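1. Compute the structure for the input listed below.
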Amino acid sequence: QDKLENAYNKWSLELNIGQNKPQKPFSPGYFSADPTKYFNFTGIDHMDLGVRYMFNSTFGVKLDFGYDIMQNQSGTASLPFETKQYRLGLQGVVNVGRMLQFESFTKSFGLLVHGGLQVSQLTPQMGINKDVTEDNGGLILGVTPQIRISNRIVLTGDFSYIGNVRQHFTWDGNYSEQSNNLTGALYNTSLGLTFLTSLTAFFVD
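-> Prediction:
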């Protein structure tokens with residue numbers, strides 16, 4: 001126990017790429033996914049970069065920057081659109097793997113959960129609001145499974161929910177209807193690598 005507490009990793013760098021799924025709001029006639037397909041893999045339209053600091057082996061904080069581009073899929077019936085969002089988040093991090101003592105049965109698999117506040121800028125790239133930028137803010141919540149590749153590199157997956165609480169634009173770049181109550185929801189699914197300052201962000205041998 002003392003070895004684990006004294007050896008935990010403090011600093012780490014996170015790099016992720018993946019896809020986004022804007023959920024709401026959309027204007028009539030616009031959507032981002034192909035409704036004829038259960039799974040939609042359309043290429044890379046999300047990336048994020050984060051720096052994490054752990055206060056101890058269980059709790060930490062991270063600052064992260066995210067970029068998303070939202071657009072209609074080729075070949076679908078959606079009207080054409082393109083918007084971009086830049087996001088900055090400050091989040092708490094909990095090492096669930098450590099809390100549940102994963103180290104008692106594995107040295108390779110870990111699990112983090114994270115959540116906090118985020119601010120963002122949403123900019124339509126076409127249409128009547130082209131190049132008009134809206135400032136938003138809200139919450140971000142996510143879960144991050146981890147697989148240790150080496151003492152300093154970890155493969156991660158991440159699923160995050162981003163909720164805006166004052167979003168006036170739809171994801172397609174038009175003005176949202178009043179019934180949407182100034183809310184927006186976006187999901188990110190990504191794969192990435194975490195680079196550790198030492199072995200310890202994971203488990204101590």
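2. wait, is Val132 part of a strand?
-> No - assessed with DSSP: H, G, I helix; E, B strand; the rest coil, Val132 is coil; it does not lie in a strand.
3. could you list every residue that touches Val113?
-> 93-94, 96, 142-144 (CB atoms under 8 Å, 6 or more residues apart in numbering). Any C-beta I mention is one placed from the backbone N, CA and C, and that applies to glycine too.
4. ok so it is a strand residue?
-> Yes - checked against three-state DSSP, Val113 lies within a strand.
5. Next, work out how far apart it and Leu139 are.
-> Taking CB to CB, to the nearest Å as the measure, Val113 falls 14 Å from Leu139.
6. ditto for Gly127
-> 28 Å.
7. swap in Pro145?
-> Separation of Pro145 from Leu139 (CB to CB) stands at 21 Å.
8. Likewise for Lys10?
-> Separation of Lys10 from Leu139 (CB to CB): 26 Å.
9. who touches Lys130 in this structure?
-> 124, 173.
10. make that Val93, sorry
-> 52, 54, 59-62, 112-114.
11. Could you dump these into a markdown table and include pLDDT and distance to Gln23?
-> Output for the contacts of Val93, formatted as a markdown table (pLDDT from 0 to 100; distance: CB to CB, whole Å):
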| residue | pLDDT | distance to Gln23 |
| --- | --- | --- |
| Arg52 | 95 | 27 |
| Met54 | 90 | 32 |
| Phe59 | 93 | 30 |
| Gly60 | 94 | 29 |
| Val61 | 96 | 27 |
| Lys62 | 96 | 24 |
| Leu112 | 96 | 23 |
| Val113 | 97 | 21 |
| His114 | 98 | 20 |
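12. Could you export those to CSV, including columns for distance to Thr183?
-> What follows is the contacts of Val93, written out as CSV (distance: CB to CB, whole Å):
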residue, distance to Thr183
Arg52, 29
Met54, 33
Phe59, 30
Gly60, 29
Val61, 26
Lys62, 25
Leu112, 27
Val113, 23
His114, 21
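13. Now, of these, which are buried?
-> Buried members of the contacts of Val93, counted by 16 or more other CB atoms under 10 Å: 52, 54, 60, 62, 112, 114.
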